[in-house]
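> just a sequence and a predicted model for now, questions to come.
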Amino acid sequence: MRNTTPPETQTGQPVNSMKDYFSELAELTKGQIIPTLIIDRNLIIRHINRGAFALFKDYYALEKKPLFNILGRIFTQEELNTFFQAIRSKEKGFSWIGTMVHKTRSRRTLYTRVRVHPIFINTQYLIGYWMIFEDITNEHIDTYKLMLSGLLQASKLKDNDTGNHAERLNFYCKEFTEYLFKLNIYPQITQDFVESISFLAAIHDIGKIGTPDYILQKQSKLSDIEWEVMKEHTINGALIVSSYPLPMAKEITLSHHERWDGTGYPFKLEGEMIPLAARIVAIADVYDALRMKRSYKEERTHDETAAYIIENAGKHFDPQLIQYFKKIHPAFDKVWNEMKDVHPVEEPRKPQA
């Protein structure tokens, strides 16, 4: 039977000291690039290999200290209890496999699959653990992006007259939020925020999947009742993405038609009641819509469009964001010219008054 009590108190047989044993293990991992920590039974870090230093650069200052003094609050109390129960349990093999999430403002969230395996001396005395980390960030994010991509394509089958409109919104928002990130004015605009809005902006109208075809394809002006049904695409969109792990997805789909002065829909939110991501997407959405040629209107130039948006600061748009838009708007024109539709998009239905 394996014993978790330190060997110094359990046997009169000569064994290497734990310090020497950890040094030998450290030497074994010296040339490895797989991120690895060696920790003792009290969860104090004894060795950090170069793969771990590389993985956690900009996230933690790895040192030979207690593990959770370094990693911080990556677990809830319940998760922490489960972790300790597993690594102290013979029935669970003194091991744990799970996911750790590492956050910092300057980098996107890092997701790691972690394996904790016990280290024994003489096959019976538990003296510590190997912790092996695998970066699964791309795998984690790509799964959700693929899901949303499928929904986006389905929505475009229903409302296919918008060309590259949705995709352009991703790039407008990316340019805008990268600029705001560098200014470091909004605490909520982290690297995660920038990356998320750069692919979530495109799904702003995904709720049109639930809008009747005859309304989307109607060639004349919508009746008041039809217009009310059309506006429900915001609520439908929020329901569609309700299980998506990033709250931003719901914020954008639900609130991108709200207006700063409280005259928008679906809930007539005003000012900072409107989520920041939705306020940014609203600017990008209107900019692109004005630039597009329709059967009922000519496209506007960049200067005309920028002037319209600036004029509507404090009415439709967040006035503080518009102050920054004044500086960044040439980037919008660049996105438009690089991604504009080869054939002008024609939409038969007239705009709603």
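Perfect, thanks for sending it.
> all helices of the stretch 1-150 of the chain, in order?
Secondary structure of the stretch 1-150 of the chain (DSSP state H, counting those that start in this stretch): helices at 18-29, 50-55, 67-71, 77-87, 137-158.
> which strands and helices sit next to the fourth one?
Going back to what we said before, that points to helix 77-87. Where contact means 3 or more C-beta pairs under 8 Å, 6 or more residues apart in numbering; DSSP states H and E, helix 77-87 is packed against strand 96-104, strand 107-121. In short, each C-beta sits where N, CA and C put it, glycine included.
> let's see it at 6 Å
strand 96-104 (3 or more C-beta pairs under 6 Å, 6 or more residues apart in numbering; DSSP states H and E).
> buried stuff in the strand it packs on?
96, 100, 102 (16 or more other C-beta atoms under 10 Å).
> give me the number of residues near Ile39?
Using other C-beta atoms under 10 Å, Ile39 is surrounded by 22 other residues.
> er, Leu151 I mean
16.
> quick one: it from Asp205, how far?
Separation of Leu151 from Asp205 (C-beta to C-beta, to the nearest Å): 11 Å.
> not counting sequence-adjacent ones, nearest residue to Gly210?
Asn236 (3.9 Å; C-beta to C-beta, 6 or more residues apart in numbering).
> re the thing from before, so can I have CSV of the buried residues of strand 96-104 showing distance to Ser198 and pLDDT?
Written out in CSV, the entries for the buried residues of strand 96-104 read as follows (distance: C-beta to C-beta, whole Å; pLDDT from 0 to 100):
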residue, distance to Ser198, pLDDT
Trp96, 34, 97
Met100, 25, 96
His102, 21, 95
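> from His165, how far out is Ser155?
11 Å.
> mutual contacts of these two, please.
Residues touching both Ser155 and His165 (C-beta atoms under 6 Å, 6 or more residues apart in numbering): there are none.
> work out for me the element the residue nearest to Gly210 sits within.
According to DSSP states H and E, Asn236 maps onto helix 233-240.
> make a markdown table out of the helices of the stretch 1-150 of the chain and add mean pLDDT and distance to Trp227.
Below are these laid out as a markdown table (pLDDT from 0 to 100; distance: least, C-beta to C-beta, whole Å):
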| stretch | mean pLDDT | distance to Trp227 |
| --- | --- | --- |
| helix 18-29 | 74 | 65 |
| helix 50-55 | 94 | 52 |
| helix 67-71 | 94 | 52 |
| helix 77-87 | 95 | 47 |
| helix 137-158 | 82 | 17 |
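> quick one: which of those helices is nearest Asp318?
helix 137-158 (25.2 Å; C-beta to C-beta).
> surely Leu269 forms part of a helix?
No: the assignment for Leu269, made by DSSP: H, G, I helix; E, B strand; the rest coil, is coil rather than a helix.
> give the contact list for it.
Glu258.
> go again with 10 Å.
254-255, 258-260, 262, 275, 278 (C-beta atoms under 10 Å, 6 or more residues apart in numbering).
> take those and keep only those in strands.
Secondary structure assignment by DSSP state E places none of the contacts of Leu269 in strands.
> now list the buried members of these.
Burial by neighbour count, 16+ other C-beta under 10 Å: within these this picks out 254-255, 258-260, 275, 278.
> any weak-confidence spans in this protein?
1-18, 30-31, 159-162, 295-296, 343-353 (pLDDT under 70).
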